[in-house]
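Visitor: just to be clear, the model below is a prediction. Sequence and coordinates:
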Amino acid sequence: MIESFGDIFKVPELKKRVLFTAVIIIAYRIGVAIPVPGIDIAAFKAFFAQQSNTLFGFMDMFSGGALSRLSIFTLGIMPYINASIIFSLLQATVPYLEKLSKEGETGRKKITQWTRYATLVLAVIQSLGLTLFMIMPMKAPGGASVVANPGAMFVFITVLTMTTGTVFIMWLGEQVTESGIGNGISLIIFAGIVDRLPSAVKNLFDMIRTHEMSLFTGILILVMVFAIMAIVVWVETGQRKIPVQYAKRVVGRKMYGGQSTFLPIKVDQSGVIAVIFAVSLMSVPMTLAQFSGDSGFMKKFVDWWMRGSVLYEVLYAVLIIFFCYFYNSITLNPKDIAENMKKWGGFVPGIRPGEPTANYIQWILARITLGGAIFVAFVAILPDYLRKFINVPFFFGGTALLIVVGVALDTISQIESHLIMRHYDGFLKKGRIKGRWFNVK
């Protein structure tokens, strides 16, 4: 493993990509620490401490701590994710967008550009709502106001700052995807979650040291975190391999085919996408409720919609399962797979080519997706009940763990591809010839 990390810096292009990604992430973390002007940060932190176990705390995790600091990156990347959800849904319902998505690179560029415009509009709306919420009579426990001089200029500057911050994060993510290593948007979320891990572990040990939590409970929490992490890695790397046989074909004087291979279908094909989409939608009602005053109905709604409530967890799980199926329906088309197999002389043993093969793949995909989606939903809601019953002091688990593991595996896989392509050993396995290890330099 250490040797493989060293090999990264022996490949000039890969070294450049890794260092570029590191610089972008550092720039993002610096921006998280810069507060919006005109805010009493101490007063807001005192207010936010009361909201740490609500949906605000959960959204703060996705913003990498920017929300609790009211930084220029307060909105994080959520407006972009929401815009992506909207256009993903529209592609399945609007024929024109569906046609664009099938036109190759040109169509995808148009949809990407429209997604950016939608991100800008959503960022303006969300930043305006959050700014109006801040200038409401919101008092910290000590009695201090969060905004010193509320007014039209404060609203304009704050909305402009937060919107610009979101657009800048979106640009950073796109630069990482194009010139760095891994998926830029996912890595930004990953960096924000991992950054909170040291303080979360410190809080756990402080609670044990001050006897707020028993040593047995602390050890149990750590064992559960590592156990869940191992299970998540196992599921995320799990595949259902459909055997495929290719018939022999003679082209000129050469014979092709006659090989046995397999079609891999991942247990959790959507990875972290379904979880992020579900979180984005679940955050909308709470955000609107917070900006709707102190009516009795809204207070009851907030109580029903709190993390840990039955209504919230059931809808959260249903959305995760829905987006797992939705993502698979967009990325995997059994009919296209079956037609391509038939075109190249491939078939599943015991299944007729064409439509029967497509139906067979669809049947397997539906079963695999159901199992993976239920697992993801279970892992996502588990931390809420752990915090409710044994007072787990951090969010690292469930959704955060799925994102961290998924992004880490995807990034390592891309690094692995670069190393193997240039004849270097990867992280996962080494070459072996006649019982001896080799390393081509």
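Guide: Nice, I can see it. Residues are numbered from 1 along each chain as shown.
Visitor: from here on, just use CA atoms for contacts and neighbour counts.
Guide: OK.
Visitor: go ahead and confirm residue 167 touches residue 118.
Guide: No. Judged on Cα atoms under 8 Å, residue 167 makes no contact with residue 118 at a distance of 10.9 Å.
Visitor: residue ranges with poor pLDDT in this structure?
Guide: 1-6, 47-58, 136-145, 248-258, 286-299, 301-303, 308, 390-398, 422-441 (pLDDT under 70).
Visitor: quick one, what contacts the residue positioned nearest the centre of it?
Guide: Residue closest to the average C-alpha location in the chain (Cα atoms, centre = their mean): residue 272, at 4.3 Å. Residue 272 makes contacts with 402-403, 406-407, as judged by Cα atoms under 8 Å, 6 or more residues apart in numbering.
Visitor: for residue 281, same thing?
Guide: Applying Cα under 8 Å, 6+ apart, the residues contacting residue 281 are residue 82.
Visitor: residue 337 now?
Guide: residue 358.
Visitor: separation between it and residue 331?
Guide: Residue 337 is 11 Å from residue 331, where distance means Cα to Cα, to the nearest Å.
Visitor: residue 342: which of the contacts of residue 272 is nearest?
Guide: The nearest member of the contacts of residue 272 to residue 342, counting by Cα to Cα, is residue 406 at 32.9 Å.
Visitor: count the residues that sit near that closest one.
Guide: The local packing count at residue 406 equals 22, with neighbours defined by other Cα atoms under 10 Å.
Visitor: what's the answer for residue 121, then?
Guide: Using other Cα under 10 Å, residue 121 has 15 neighbouring residues.
Visitor: next helix or strand past the regular element (helix or strand) spanning it?
Guide: If you go by DSSP states H and E, residue 121 is part of helix 105-134. The helix or strand immediately downstream of helix 105-134 is helix 152-179, counting by DSSP H and E.
Visitor: quick one, that following helix and helix 105-134 angle?
Guide: 150 degrees (axes from the mean of the first three to the mean of the last three Cα atoms, to 10 degrees).
Visitor: ok, back up a step: among the contacts of residue 272, which are in helices?
Guide: 402-403, 406-407 (DSSP state H).
Visitor: so residue 411 sits against residue 182, correct?
Guide: Yes. Under the criterion of Cα under 8 Å, residue 411 lies in contact with residue 182, with a separation of 4.7 Å.
Visitor: okay, those two: which has more neighbours?
Guide: residue 182 (24 against 17).
Visitor: and the more buried one, helix, strand or coil?
Guide: coil (DSSP: H, G, I helix; E, B strand; the rest coil).
Visitor: surely it touches residue 409?
Guide: No. The pair residue 182 / residue 409 is not scored as a contact, 9.8 Å apart, by Cα under 8 Å.
Visitor: which segments of the protein make up each domain?
Guide: Here the domain assignment for the chain is 1-196, 214-392, based on automatic domain parsing.
Visitor: from these, which stretch is densest packed?
Guide: Of all the domains of the chain, domain 1-196 has the most neighbours on average by mean count of other Cα atoms under 10 Å, namely a mean of 18.
Visitor: show me where the stretch 201-350 of the chain has strands.
Guide: Per DSSP state E, counting those that start in this stretch, the stretch 201-350 of the chain carries strands over the ranges 239-246, 249-251, 254-256, 260-266, 346-347.
Visitor: roughly how far does the residue nearest to residue 348 when sequence neighbours are not counted sit from residue 93?
Guide: Among residues not flanking residue 348 along the chain, residue 244 sits closest, at 4.7 Å (Cα to Cα, 6 or more residues apart in numbering). When distance is defined by Cα to Cα, residue 244 is 33 Å away from residue 93.
Visitor: could you list the residues in contact with whichever strand or helix holds residue 89?
Guide: Using DSSP H and E, residue 89 maps to helix 78-93. If you take Cα under 8 Å, 6+ apart as the criterion, helix 78-93 is touched by 63, 97-98, 101, 111, 115-116, 118-120, 122-123, 126, 166, 170, 276-277, 280-281, 330.
Visitor: could you give the separation of it from the chain centroid?
Guide: Taking Cα atoms, centre = their mean, to the nearest Å, the mean C-alpha location of helix 78-93 is offset from the chain mean by 14 Å.
Visitor: check stretch 111-130 too.
Guide: The answer for stretch 111-130 is 19 Å, by Cα atoms, centre = their mean.
Visitor: and if you look at stretch 346-365?
Guide: Using Cα atoms, centre = their mean, the offset of stretch 346-365 from its chain centre is 32 Å.
Visitor: measure that stretch end to end?
Guide: 19 Å.
Visitor: for stretch 97-106, same thing?
Guide: End-to-end distance (Cα to Cα), stretch 97-106: 12 Å.
Visitor: and stretch 63-80, C-alpha only, in PDB?
Guide: Output in PDB follows, covering the C-alpha atoms of stretch 63-80 (Å, rounded to 0.1, in the frame of the first residue of the first chain):
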ATOM      1  CA  SER A  63     -21.700  22.000   4.100                       C
ATOM      2  CA  GLY A  64     -18.500  20.900   5.900                       C
ATOM      3  CA  GLY A  65     -19.300  23.100   8.900                       C
ATOM      4  CA  ALA A  66     -20.000  26.200   6.800                       C
ATOM      5  CA  LEU A  67     -23.600  26.600   8.000                       C
ATOM      6  CA  SER A  68     -22.600  26.700  11.700                       C
ATOM      7  CA  ARG A  69     -20.000  29.300  10.900                       C
ATOM      8  CA  LEU A  70     -22.200  31.300   8.500                       C
ATOM      9  CA  SER A  71     -19.300  31.400   6.100                       C
ATOM     10  CA  ILE A  72     -19.300  32.500   2.400                       C
ATOM     11  CA  PHE A  73     -19.800  28.800   1.600                       C
ATOM     12  CA  THR A  74     -22.900  28.500   3.900                       C
ATOM     13  CA  LEU A  75     -25.100  27.000   1.200                       C
ATOM     14  CA  GLY A  76     -22.400  24.500   0.200                       C
ATOM     15  CA  ILE A  77     -23.100  22.500  -2.900                       C
ATOM     16  CA  MET A  78     -26.800  21.700  -2.100                       C
ATOM     17  CA  PRO A  79     -28.300  24.200  -4.700                       C
ATOM     18  CA  TYR A  80     -26.300  22.400  -7.400                       C
END
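Visitor: off-centre distance for that stretch?
Guide: 15 Å.
Visitor: in this structure residue 307 contacts residue 316, no?
Guide: No. Counting by Cα under 8 Å, residue 307 does not reach residue 316; the two are 9.6 Å apart.
Visitor: in this structure residue 187 contacts residue 409, no?
Guide: No. Assessed by Cα under 8 Å, residue 187 is found out of contact with residue 409, at 11.4 Å.
Visitor: find the nearest non-adjacent residue to residue 400, please.
Guide: residue 193 (6.7 Å).
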